[in-house]
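**Q** What follows is a protein structure lacking sequence information:
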């Protein structure tokens, strides 16, 4: 869709704590690198992670993620924090979209960021078009660098 407008509808009704485990991980306010790691290892929802933990605790999850216990514990803390932040209130699909829109990669070009509503939105497709030499490749390279910047500098921490 144009400028990355892509809405994934989870449920028509509001989310409650009983449906929290069915939420796809990419709809939680977590770092993209964390979501990607879970996806690469075959975990798509909170429920799948909880099932792995119930089969043998965090050590089983660490084994399935092929990570150390310390790294796995940090990921579980991030997951718990993200799911707890969503449990505190009833959340609609619109509020999820608005929350995801807040997470974006800034371009460091005020005019481009203003046009895009704050930068390139995460988890969405944005097409950049222009004449040869307009700076499309330069923008793409800069966005790659910007994704690794800490949040206090406008990045998304990898």
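**A** Everything's here; your move. Remember, predicted model here, so these are calculated numbers, not experimental data.
**Q** Return the set of buried residues in the helix or strand harbouring residue 72.
**A** Element membership of residue 72, judged by DSSP states H and E, is helix 69-87. For helix 69-87, the neighbour count (16 or more other CB atoms under 10 Å) marks 72, 75, 76, 78, 79, 82, 83, 86 as buried. Using the backbone N, CA and C atoms, a C-beta is placed for each residue, glycine as well.
**Q** Looking at these, which one is closest to residue 47?
**A** Using CB to CB, residue 83 comes nearest to residue 47 of the buried residues of helix 69-87, at 10.8 Å.
**Q** and residue 121, backbone torsions?
**A** Backbone torsions for residue 121, taken as degrees, to the nearest 10, come to phi -70, psi 140.
**Q** so what's residue 101 scoring on pLDDT?
**A** pLDDT, residue 101: 56.
**Q** One more: residue 89?
**A** 59.
**Q** the helices in the protein, which residues?
**A** Assigned helices in the chain, in chain order: 32-40, 46-54, 57-65, 69-87, 93-102, 110-115, 136-146 (criterion: DSSP state H).
**Q** Okay, angle between the longest one and helix 46-54 too, please.
**A** Here the directions of helix 69-87 and helix 46-54 differ by 140 degrees (axes from the mean of the first three to the mean of the last three CA atoms, to 10 degrees).
**Q** which helices and strands sit right next to helix 69-87?
**A** Packing contacts for helix 69-87, counted by 3 or more CB pairs under 8 Å, 6 or more residues apart in numbering; DSSP states H and E, involve helix 32-40, helix 46-54, helix 57-65.
**Q** follow-up on the earlier one: please identify which of the helices of the chain is closest to residue 127.
**A** Smallest distance to residue 127 across the helices of the chain (CB to CB): 10.0 Å, for helix 136-146.
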